[in-house]
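Visitor: A predicted structure for the sequence below; I have some questions about it.
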Amino acid sequence: MTDIAEFNLSHAGRRITGHGLDAWFAEARELAKLAIPLVFTQLAQMAIMTTDVIMLGHFSSSALASAALGNTVFFFCWLIGCGPVAAVSPTIAHTLGATPNNRLGVRTAVRMGLWSVLITSLPLVVLLLFVEKILRAFGQPADLAHGAGIFTSALCFGLPCSLGYQVLRNYSTALSRPNASLVVMMAGIGFNALADYTLIFGHFGAPRLGILGSGIASASSYTFCFLAMVVVVWLTPTLRKYRIWKRVHRPHWERLAEIFRLGMPIGLTMMFEAMLFNASMLVMGTFGARFVEAHQIALNVPSITFMVPLGIGMAATVRVGLAAGAGDGEAVRRAGYSAMAMGVGFMFLTGILLWAWPEQIASLYFSDPTANAEVIVLTAVFLHVAAAFQIVDGLQVVCALSLRGLKDARAPMWIAGASYWLAGAPVCVWLAFGLHMKGLGIWIGLAFGLFVAAAAMCWRFWYLSRER
């Protein structure tokens with residue numbers, strides 16, 4: 001039988017049908033076209049965060065440690081709001097897979113995504129105003145908790161804009177227009193770097209605000225990215241035609257319920273993983289500022305490499321969602337497995353790099369590596385563990401986002417909870433305190449949790465795609 005790769009066109013991209021190698025190569029091309037801009041967008045987003053880390057590291061080590069603790073709480077709040085936001089992309093993909101050019105369905109999904117931002121943001125902003133008290137209740141050093149409170153008192157006001165940007169970004173991604181968010185994020189890098197340089201160090205006549213300046217700069221960057229994304233959506237014909245702002249004040253209760261019903265498990269899935277890594281930051285604080293600094297840098301490095309499989313996984317959400325909406329089980333499997341292969345291949349290469357040059361990578365974060373030699377050596381130890389878990393980290397996120405394309409949210413939530421908190425967390429505690437391995441024990445426990453999650457997520461996708 002001759003291999004066939006047919007193409008069904010829509011504004012959400014080509015849906016590949018058929019059999020054989022031609023169909024697999026065609027799917028890989030479509031996945032890559034969507035994934036590459038998403039990967040660069042994720043890397044650009046990480047570049048903004050890395051800029052904050054590097055500039056605060058050059059300002060003072062205590063400011064870096066305080067911002068790390070403040071970001072831990074901020075990211076927790078961001079994940080709560082991001083759950084419903086993340087549901088926008090698979091909802092649109094399923095809608096267009098079933099009925100191409102369904103403008104009303106797309107518009108209501110985006111509109112209710114923005115509603116979810118308004119509903120969740122206010123209580124989260126209020127919570128972030130009490131970060132100092134929260135951190136001191138968790139036993140963090142008083143000086144670091146105070147600095148973190150100053151940092152988040154400014155940063156919290158950027159939370160609604162950050163979530164609003166994610167809604168518009170998911171909208172453009174679901175319509176296979178990822179370049180829109182890439183353009184905005186590239187502009188955001190320059191805006192954030194200039195704001196950090198100006199407000200942290202007091203250049204161009206601005207006051208020298210230190211860690212407060214970093215919080216103001218980050219909040220301003222979130223606002224800039226949201227407003228810029230609004231403009232880009234308006235200027236892009238394919239995105240403008242859906243008229244997402246039409247009757248934005250009117251609720252669509254059924255779609256809003258769907259956004260929360262799908263989004264809350266997605267948010268909890270992300271939260272289970274993030275909470276383990278964030279909790280590890282709090283535990284590191286009990287070992288001293290040196291461990292917090294090394295942990296923050298060591299987390300930042302694999303977080304950068306993680307952006308690539310994350311971007312591939314986001315593309316897989318759309319590709320799998322299109323196939324699932326059309327009821328094509330073979331295309332579902334093809335999209336998911338293609339994404340997994342891409343993610344694993346990249347993370348294999350980054351694992352080699354992290355294993356070979358950990359101290360050289362850690363030295364990049366300090367203006368005077370000699371004065372911070374102890375922190376650099378500790379960071380290198382952590383990066384060796386990060387090198388070992390690169391493949392499973394990439395695999396678990398691609399699998400999780402492929403499942404999201406199937407609108408499978410509850411099972412990944414339970415898998416994440418069990419993997420990170422019933423498997424990873426006890427190993428962290430046992431190694432760090434029971435065997436007195438401290439920071440190294442924490443990192444080995446994190447790696448174990450990622451391994452369990454990757455195995456379970458892969459099995460879940462195989463099981464569901466086989467059923468289809």
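Guide: Ah, there it is. Predicted, not measured: the structure shown is a model, and the values here were computed from it. Numbering: from 1, shown residues only.
Visitor: gap between the residue nearest to residue 352 when sequence neighbours are not counted and residue 357?
Guide: Spatially, and ignoring its direct neighbours in sequence, residue 352 is nearest to residue 387 (7.5 Å; C-beta to C-beta, 6 or more residues apart in numbering). Using the backbone N, CA and C atoms, a C-beta is placed for each residue, glycine as well. Distance of residue 387 to residue 357, computed by C-beta to C-beta, to the nearest Å: 10 Å.
Visitor: for residue 250, what are its contacts?
Guide: Applying C-beta atoms under 8 Å, 6 or more residues apart in numbering to residue 250 gives the contacts residue 111.
Visitor: Over to it. Which of the three states is it?
Guide: Secondary structure, DSSP: H, G, I helix; E, B strand; the rest coil: residue 250 is coil.
Visitor: Residue 111 versus that one, what's the distance?
Guide: Distance of residue 250 to residue 111, given as C-beta to C-beta: 8 Å.
Visitor: same question, residue 259
Guide: Distance from residue 259 to residue 111, by C-beta to C-beta: 10 Å.
Visitor: now residue 32
Guide: 31 Å.
Visitor: Next: residue 275.
Guide: From residue 275 to residue 111 the distance is 30 Å (C-beta to C-beta).
Visitor: Would you mind telling me which of these two has more residues around it?
Guide: residue 111 (23 against 20; other C-beta atoms under 10 Å).
Visitor: tell me what the host helix or strand of the more buried one is packed against?
Guide: Using DSSP states H and E, residue 111 sits within helix 103-128. The helices and strands touching helix 103-128, judged by 3 or more C-beta pairs under 8 Å, 6 or more residues apart in numbering; DSSP states H and E, are helix 61-86, helix 88-98, helix 142-155, helix 159-174, helix 253-287.
Visitor: ok now the top helix by length along the chain, how far from the chain's centre?
Guide: In the chain, with assignment by DSSP state H, the single longest helix is helix 20-59. Chain-centre distance of helix 20-59: 11 Å, with C-alpha atoms, centre = their mean, to the nearest Å.
Visitor: other SSEs contacting it?
Guide: When contacts are defined as 3+ C-beta pairs under 8 Å, 6+ apart, helix 20-59 sits against strand 4-8, strand 15-19, helix 61-86, helix 159-174, helix 179-201, helix 211-235, helix 289-325, helix 329-356.
Visitor: Averaged pLDDT, it. What do you get?
Guide: On average, the pLDDT along helix 20-59 is 81.
Visitor: One more: stretch 218-230?
Guide: Stretch 218-230 comes out at a mean pLDDT of 93.
Visitor: So what touches that stretch?
Guide: 48, 52, 154-159, 161-162, 164-165, 168-169, 180-181, 184-185, 187-188, 191-192, 195.
Visitor: Can I get that stretch in CSV? Just the C-alpha atoms.
Guide: C-alpha atoms of stretch 218-230 as CSV (Å, rounded to 0.1, in the frame of the first residue of the first chain):
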residue,chain,number,x,y,z
SER,A,218,9.8,42.9,36.4
ALA,A,219,6.2,44.2,37.0
SER,A,220,6.7,46.8,34.4
SER,A,221,8.0,44.2,31.9
TYR,A,222,4.9,42.1,32.4
THR,A,223,2.7,45.1,31.7
PHE,A,224,4.7,46.0,28.6
CYS,A,225,4.4,42.4,27.3
PHE,A,226,0.7,42.3,27.8
LEU,A,227,0.0,45.7,26.1
ALA,A,228,2.4,44.8,23.3
MET,A,229,0.6,41.5,22.7
VAL,A,230,-2.7,43.3,22.5
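Visitor: Buried residues of it, list them for me.
Guide: 218-226, 228-230 (16 or more other C-beta atoms under 10 Å).
Visitor: one step back: I'd like the helices and strands packed on helix 103-128 laid out as TSV, including distance to residue 26.
Guide: What follows is the helices and strands packed on helix 103-128, written out as TSV (distance: least, C-beta to C-beta, whole Å):
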stretch	distance to residue 26
helix 61-86	27
helix 88-98	17
helix 142-155	44
helix 159-174	20
helix 253-287	29
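Visitor: circling back: can you redo the buried residues of stretch 218-230 as TSV with distance to residue 303?
Guide: TSV is the format used below for these (distance: C-beta to C-beta, whole Å):
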residue	distance to residue 303
218	16
219	20
220	22
221	18
222	18
223	23
224	22
225	19
226	22
228	24
229	23
230	28
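Visitor: Out of those residues, which is nearest to residue 309?
Guide: residue 225 (22.6 Å; C-beta to C-beta).
Visitor: Which one's more surrounded, residue 387 and residue 357?
Guide: Taking other C-beta under 10 Å, residue 387 and residue 357 do not tie; residue 387 has more neighbours (23 against 14).
Visitor: Lowest mean pLDDT among the helices and strands of this structure, which one is it?
Guide: strand 4-8 (a mean of 39; mean pLDDT, DSSP states H and E).
Visitor: doesn't residue 98 make contact with residue 326?
Guide: Yes - using C-beta atoms under 8 Å, residue 326 is in contact with residue 98, at 6.7 Å.
Visitor: Perfect, I'm done here.
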